[in-house]
Structure formats: C-alpha cells, structure tokens
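Asker: coordinates only, sequence not included:
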Ligand SMILES: CC(C)(COP(=O)(O)OP(=O)(O)OC[C@H]1O[C@@H](n2cnc3c(N)ncnc32)[C@H](O)[C@@H]1OP(=O)(O)O)[C@@H](O)C(=O)NCCC(=O)NCCS
C-alpha cells in the first residue's frame, strides 16, 4: 500500500480531492463541493487521510450536536440533560483504491480520540452517526457502535458512549 499520513484537517489549497471515489457519489461530491464551505462557516470540520502526494484517500466530517433526550436510548438518556451533548460523525468515506485496508478504522480511531479530548474540555456524552446503509451499519457495529433502537433493523442511528471509547480503542490496537 502507498504510504499514508496521519489524519489532518482538510486544507482545500493543498489536498487533492478531485479524483476521490468511495463508491458513494453523494459523499464524494460533498467532499469536493461542501467540505470547505462548512469549515469556513464553522458548521463541520473535515479531517482527511492523504497519501504522500497530498491526494485524499479518506475523510470524515465532524460537528457538535445535541441528542433529543426523549428519543435517546437509555444508556445515553440516563442522568443526562436535554439535549444530550454529543459529537456527530456527519460523513465518513474511504477511496476504493484503499478499501479494506483499515483506513476507515484508523479514521474512526482518530475521531474517538478526539471525542475523549473534547469530553475533557466541553463534555461529550457520546459519538453518534447515521449509517448510510445496512453494510455501513454492520461496519459501525463492528467498531462498538450500538443502535438507537435495536428492535428496529431499519433505524440507521448509532451511538458509542464516550465512557466506552477507551475499551473500543484498546480492541482496535
Ligand atoms: C464503510 C467504509 C468507510 C469502510 O472503510 P474501509 O477503510 O474499507 O474499512 P476498514 O478497512 O477499516 O475495515 C475493514 C474491516 O471491516 C470488516 N468489514 C468490512 N465491511 C464489513 C461489514 N459490513 N460488516 C462487518 N465487518 C466488515 C472487514 O472484514 C475488515 O475487517 P478486518 O480488519 O478484521 O479484516 C468504506 O467502505 C466506505 O467509504 N464506504 C462508502 C461510504 C460509507 O458507507 N460510509 C459510511 C458512512 S455512514
């Protein structure tokens, strides 16, 4: 595999996103057209993994969010304010050229470490994500994310308590 860099914030001037192809056109398009805008407006921060030529091979966008307490699963809701403070993984995609090599997992490990840091400075009870499809949902569950509603296989919303992140990171090492 080509050498890859550690995750870093997207630099629209330096990072090449033009050929990014995850197989999910909407996610590719968002990286090209909207990631920079969202950063400028402070509505989403995009982190990328690139090769040594600055070509993006994976990205994730993050934002702070509040979970509606009434709709939250018990472990999130318990002893929490409304809304429950959380970190939202808005989008995550890996270029097909490096699929299945652990790049997506490495990016998630970076996000989870970010959540632990954020939790110290601003409090963040959980990391949440909406799975793109059933394949993505299984992939997130493999990383320790749990369904908002385990009785509904069609509910794409998933969470990981910040309190459980250390254990998840250990299992990924
Ligand atoms: C989903 C996606 C991010 C995965 O990225 P990736 O870098 O290929 O994933 P990784 O290489 O880190 O993970 C591969 C591991 O997960 C396993 N895996 C892959 N798909 C899986 C699935 N559906 N269920 C369970 N395990 C799965 C592989 O067997 C492999 O395990 P191993 O490390 O033990 O061999 C990537 O396929 C992608 O960008 N898809 C399109 C966009 C998308 O669905 N994004 C998620 C947004 S919610």
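Answerer: Arrived safely. Keep in mind it's a predicted model, so treat the numbers as computed, not measured.
Asker: need the longest helix for the protein.
Answerer: The longest helix of the chain (DSSP state H) is helix 103-122.
Asker: what about the residue most central in space within the chain, helix or strand, and which?
Answerer: For the chain, the residue nearest the mean C-alpha position is residue 89 (3.6 Å; Cα atoms, centre = their mean). Element membership of residue 89, judged by DSSP states H and E, is strand 84-94.
Asker: thinking again about what came up before, show me what the residue nearest to the centre of the chain bridges to in the sheet.
Answerer: As for beta bridges, residue 89 partners with residue 62, residue 129 under DSSP bridges.
Asker: Tell me the residue of this protein that sits nearest the ligand?
Answerer: Residue of the chain nearest the ligand, by Cβ to the nearest ligand atom: residue 104 (2.6 Å). C-beta here means a position set from N, CA and C on the backbone, and glycine is covered the same way.
Asker: Test my guess that residue 155 contacts residue 148.
Answerer: Yes - shown here, residue 155 and residue 148 form a contact pair, counting by Cβ atoms under 8 Å, at 5.7 Å.
Asker: neighbour-wise, which of the two wins?
Answerer: Taking residue 155 and residue 148 together and counting by other Cβ atoms under 10 Å, residue 148 has the greater number of neighbours (17 against 14).
Asker: measure the more buried one to residue 131 for me?
Answerer: Here the criterion is Cβ to Cβ, to the nearest Å. By it, residue 148 lies 11 Å from residue 131.
Asker: For the protein, which residues are neighbours of the ligand?
Answerer: 22-24, 27, 92-94, 99-105, 129, 131-132, 135-136, 138-139, 142 (Cβ under 6 Å from any ligand atom).
Asker: Leaving out the residues flanking it, which one is nearest to the residue of the chain closest to the ligand?
Answerer: Spatial nearest neighbour of residue 104, excluding adjacent residues (Cβ to Cβ, 6 or more residues apart in numbering): residue 94 at 4.5 Å.
Asker: Who are the contact partners of that neighbour?
Answerer: 22, 57-58, 103-104, 107 (Cβ atoms under 8 Å, 6 or more residues apart in numbering).
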